[in-house]
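[1] Just need the structure, nothing else, for what follows:
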Amino acid sequence: MTSSDKPSSDTDRTTRPDPQDAGTKPVADTKAVTEAALFEAFGGVRGMVETVVPGLLFVTIFTINKGLHVSAIAALVVSLVLVVVRLVRRDTVKHAFSGVFGVAFGVVFAMMTGNAKDFYLPGMLYTLGLALAYLITTLAGVPLIGLILGPVFKENLSWRTRNPGRKKAYAKASYAWGLILLAKCAILFPLYWWADTTQFGWVLVALKIPPFLLAVYLTWVFLAKAPPPIDVFAEMEAAEQAEKERKAEREREAAAAREQETAAVRDREYREY
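    Model (predicted):
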């Protein structure tokens with residue numbers, strides 16, 4: 001921990017030592033805010049279910065009848081059904097839509113090659129690319145997890161320059177995501193070549209949730225210990241309100257000056273009269 005991260009007083013232990021005291025949050029609220037933000041960003045339990053169900057249905061049907069077309073179509077249909085359910089309920093559809101696109105690419109790959117294992121290939125390549133993105137962006141000083149969660153926490157990119165402790169937490173979390181996803185790829189890619197479709201499918205389904213939960217948990221640990229986020233939206237609202245008050249004060253001063261000038265003119269006229 002650097003000197004910039006260490007609390008210097010009782011006040012610093014309860015709020016962020018921001019010079020303007022804008023957008024600060026008590027440390028007692030940090031864990032709750034972090035939990036809510038992670039739940040929103042990654043879809044929670046329902047998002048995990050929607051991620052697992054299409055692949056689980058695909059491998060289940062393929063295990064039973066070895067039919068690539070039936071398995072692929074069933075996976076795509078259930079993905080679409082999940083989106084429709086969210087639309088009917090007017091819920092957030094970004095997680096379900098991402099699942100549909102992933103399944104659709106998998107179906108196209110599998111149908112083109114005639115190899116059922118290729119249903120999983122787009123998702124594996126996406127996982128590998130995401131792992132590299134987490135690591136490369138962190139090395140570049142802009143951790144990807146911070147870019148993802150910054151808007152959710154209403155801090156945007158304020159953590160980059162104004163909150164070094166939080167930037168460090170985002171870097172740790174991004175490294176965790178990158179390494180966990182790389183470890184997952186290190187298991188899946190060899191199996192893609194060596195295992196049969198059924199074995200590979202069940203292993204892939206089994207590895208859907210545990211690495212994700214581990215990464216989310218580590219992210220929660222790192223961010224819960226980090227300084228609270230700076231609510232830049234609250235800062236902007238406060239700045240707008242302060243500007244309105246300054247403008248109103250200037251208008252009052254101008255009105256008072258006009259009244260004084262008018263009174264002075266009347267006084268001169270009265271004296272001349």
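[2] okay, residue 82: pLDDT?
    The model reports residue 82 with a pLDDT of 83.
[3] So it versus residue 212, what's the distance?
    Distance of residue 82 to residue 212, given as Cβ to Cβ, to the nearest Å: 17 Å. Any C-beta I mention is one placed from the backbone N, CA and C, and that applies to glycine too.
[4] With residue 263 instead?
    Distance of residue 263 to residue 212, computed by Cβ to Cβ: 74 Å.
[5] and these two? which has more neighbours close in?
    The neighbour comparison of residue 263 against residue 212 (other Cβ atoms under 10 Å) goes to residue 212, with 19 against 10.
[6] Tell me which helix or strand that one sits in.
    Element membership for residue 212 (DSSP states H and E) is helix 209-224.
[7] Ok, residue 156 next?
    Using DSSP H and E, no helix or strand contains residue 156.
[8] That one contacts residue 232, correct?
    Yes. Contact criterion Cβ atoms under 8 Å: residue 156 and residue 232 qualify, at 5.2 Å.
[9] Residue 156: what's it in contact with?
    Contact partners of residue 156, counting by Cβ atoms under 8 Å, 6 or more residues apart in numbering, are 150, 232.
[10] what do you get for residue 147?
    Contact analysis of residue 147 by Cβ under 8 Å, 6+ apart lists 137, 157.
[11] Only the buried residues of stretch 142-159, if you could.
    For stretch 142-159, burial by neighbour count (16 or more other Cβ atoms under 10 Å) applies to 142-150, 152-156, 158-159.
[12] which residues of the stretch 151-273 of the chain fall in helices?
    158-162, 164-194, 197-206, 209-224, 232-272 (DSSP state H, counting those that start in this stretch).
[13] Residue 53: which of the ones you listed is closest?
    When the helices of the stretch 151-273 of the chain are compared by Cβ to Cβ, helix 197-206 sits nearest residue 53, at 9.8 Å.
[14] Neighbours of residue 205, how many?
    The burial count for residue 205: 18, using other Cβ under 10 Å.
[15] Can you tell me the element residue 81 falls in?
    Going by DSSP H and E, residue 81 is in helix 68-89.
[16] how about the nearest residue to residue 67, chain neighbours excluded?
    Spatial nearest neighbour of residue 67, excluding adjacent residues (Cβ to Cβ, 6 or more residues apart in numbering): residue 61 at 6.9 Å.
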